[in-house]
Structure formats: structure tokens, C-alpha cells
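# Here is a sequence with its predicted model. Questions after.
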Amino acid sequence: MIDIPSIVQTSDRYNLHGHTQFCDGHADMEQFVVHAVDARFTHYGFTPHGPTSVPSTCNMTREAVPQFLSEVDRLRRVYGTRITLLAGMEIDYIDGFGPSDPYFQSLPLDYRIGSVHFIPSLADPGCFVDIDGRYERFSEKMRQHFDGDIEWVVRTFFRQMTRMVEQGGFDIVGHLDKIGHNASQYRHGIDREPWYDALVRDLIEAVLDHHLVIEVNTKAWAEHGRFFPAERYFGMLRAAHAQVVFNSDAHWPHLINAGRNEAMRAFIER
Ligand SMILES: [Zn+2]
Ligand SMILES: [Zn+2]
């Protein structure tokens with residue numbers, strides 16, 4: 001297990017959340033390493049979407065996990081004098097099944113990210129819906145699976161996140177309030193309503209109680225101008241001395257550092 005806060009304290013050139021050919025990334029692992037070495041990164045962590053209990057083309061299969069781990073080893077042998085490469089995994093929490101499962105705990109990973117991308121369908125019991133994708137698909141699912149009840153979707157997302165945090169078994173909380181991105185397009189300003197704000201703050205309190213690292217996810221910064229968690233929570237995180245890591249969640253090699261410097265600056269200024 002690696003000490004994530006010590007990486008953050010000694011370097012601002014790292015990324016501990018990224019995707020490759022093993023899930024929905026758009027280049028192979030070596031291309032990301034080459035970019036990271038060129039950018040003089042000290043650390044690069046690979047976090048494929050882990051195997052899930054629901055059908056998903058974005059997640060790797062259990063059969064592919066040993067291949068992933070051996071590719072990290074191979075790249076360490078080639079690039080290990082220039083950069084520290086880490087084997088992580090972004091693990092879905094879906095209705096009780098997540099990072100704490102013995103399967104994930106048995107994998108020889110350097111660290112684990114816990115994330116929620118799926119919530120249960122209202123219309124189709126037993127079906128889990130990916131609410132993390134692009135807005136056009138999200139708005140279709142709002143009609144198809146949730147009868148337009150955006151408050152239920154938001155509350156369910158944060159309930160799943162809180163349960164994941166309470167169950168534990170991981171190191172970093174992935175994109176803590178990501179639902180705010182799609183939800184605020186569906187209902188403008190929803191993420192500034194008091195009940196929504198209270199859900200985010202309660203979740204942050206739970207994360208702090210469990211001494212987990214919070215990622216500031218910068219994937220949507222360039223296109224949509226928002227971080228996860230949103231900038232207005234940076235002050236709360238700073239005041240609580242939260243352990244924070246700045247991750248680009250890159251799916252393309254040229255985006256490994258996208259939004260990270262902006263987020264670090266905003267975090268200091270807030
Ligand atoms: Zn994610
Ligand atoms: Zn990710």
C-alpha cells in the first residue's frame with residue numbers, strides 16, 4: 001500500500017487516476033507513461049474501471065486483471081528509473097458490492113479508488129443505470145428509468161457514496177459530487193439548492209470521519225469549468241485539513257495534466 005499524502009506533499013507532478021486500453025481509455029498504458037515521463041511526472045497511477053456485477057463495456061473483466069498487473073510490472077522494468085508507476089483500480093460501488101469485497105481486497109494493488117457511476121433504476125427493479133456518461137444519454141435515462149425525478153437520482157447517488165465510504169476498503173474517494181454535473185444540466189442551479197449542498201457537506205464529513213483521501217477530479221475542467229468536488233467546497237476541505245489529491249482522470253495521454261494546475265491554484269486561493 002502506498003502513502004498517497006506523502007506523494008502529494010513531495011510532488012505536484014503526478015496523476016493517480018487514469019484509464020487505458022484495459023477499460024475505456026483511448027490509448028495503451030505505455031503511451032501514457034511516455035507522456036508522463038516527457039511531462040517530468042514523478043508518479044503515474046493506472047486505475048482501470050474494475051470488474052462489476054452489472055453489464056458494462058467501460059469496465060475490465062476479472063480475466064483481464066492479471067494482464068493489467070503484469071503490464072504495470074513490465075512498464076516498471078522499462079521506465080522505473082524515470083518515474084514511479086502505480087497499480088490502482090477505480091472500483092464501482094453498486095448497491096452493497098464494492099471496494100470492500102474480498103475479491104478487490106485480495107488483488108495486489110498499490111491503492112484503490114472508490115467511485116459511484118451506477119444507481120438503481122426506479123422503473124426497472126434490479127437494473128442499475130450508468131448516470132456518469134454524457135448529458136444527452138443522462139437526460140434520456142431520466143425519462144426511461146427515473147420518471148424525471150432528479151431529486152431522487154441525486155439523493156440516491158449521495159446515499160450510495162455514503163454507504164461506500166462507511167463500508168471502506170479503499171484509499172481515495174473518486175469524483176465526490178460528480179452527479180452535480182448532469183443534474184445541474186437537467187435542472188439548472190440544483191447543485192446550489194440548500195438540500196443538495198447539505199448532501200455534499202454531509203458526505204465530506206463522512207469522508208473526513210473515515211480518514212479517506214479526497215480527490216479533486218479535473219476531468220471536466222477544460223470543457224465544463226468544474227471540478228469534483230466543486231470549488232465552493234475547497235474552503236471546507238482546507239479548513240478540515242482534508243487529505244486531497246489532484247487527479248486528471250485522463251482517458252487520453254495528452255490530458256494527463258489537464259486542469260490539475262488550475263485546481264491546485266484554486267485550492268490554495270479558496
Ligand atoms: Zn469515475
Ligand atoms: Zn475514472
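Arrived safely. Numbering: from 1, shown residues only. Ligands and ions are numbered 1, 2, ... in the order given.

# The stretch 51-200 of the chain: helices as residue ranges?
Here the stretch 51-200 of the chain has its helices, by DSSP state H, counting those that start in this stretch, at 65-79, 102-106, 135-146, 150-167, 179-186, 194-209.

# how about JSON lines for these, with mean neighbour count added?
C-betas here are computed from N, CA, C, even on glycine. Output for these, formatted as JSON lines (neighbours: other CB atoms under 10 Å):
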{"stretch": "helix 65-79", "mean neighbour count": "15"}
{"stretch": "helix 102-106", "mean neighbour count": "12"}
{"stretch": "helix 135-146", "mean neighbour count": "15"}
{"stretch": "helix 150-167", "mean neighbour count": "19"}
{"stretch": "helix 179-186", "mean neighbour count": "21"}
{"stretch": "helix 194-209", "mean neighbour count": "16"}
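
# Please identify the residues of this structure in proximity to ligand 2?
Within the chain, the positions adjacent to ligand 2 are 90, 249 by CB under 5 Å from the ion.

# if we can go back for a sec, with mean pLDDT added, can I get the helices of the stretch 51-200 of the chain in TSV?
Output for the helices of the stretch 51-200 of the chain, formatted as TSV (pLDDT from 0 to 100):
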stretch	mean pLDDT
helix 65-79	98
helix 102-106	98
helix 135-146	97
helix 150-167	98
helix 179-186	98
helix 194-209	98
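
# where does the chain dip in pLDDT?
270 (pLDDT under 70).

# Where do the strands of it begin and end?
Remark: strands assigned in the chain by DSSP state E are 14-15, 43-46, 84-87, 90-92, 113-115, 118-120, 128-130, 172-173, 213-217, 244-247.

# Name the strands paired with the third one and say parallel or antiparallel.
Using DSSP bridges, the strands paired with strand 84-87 are strand 43-46 (parallel).
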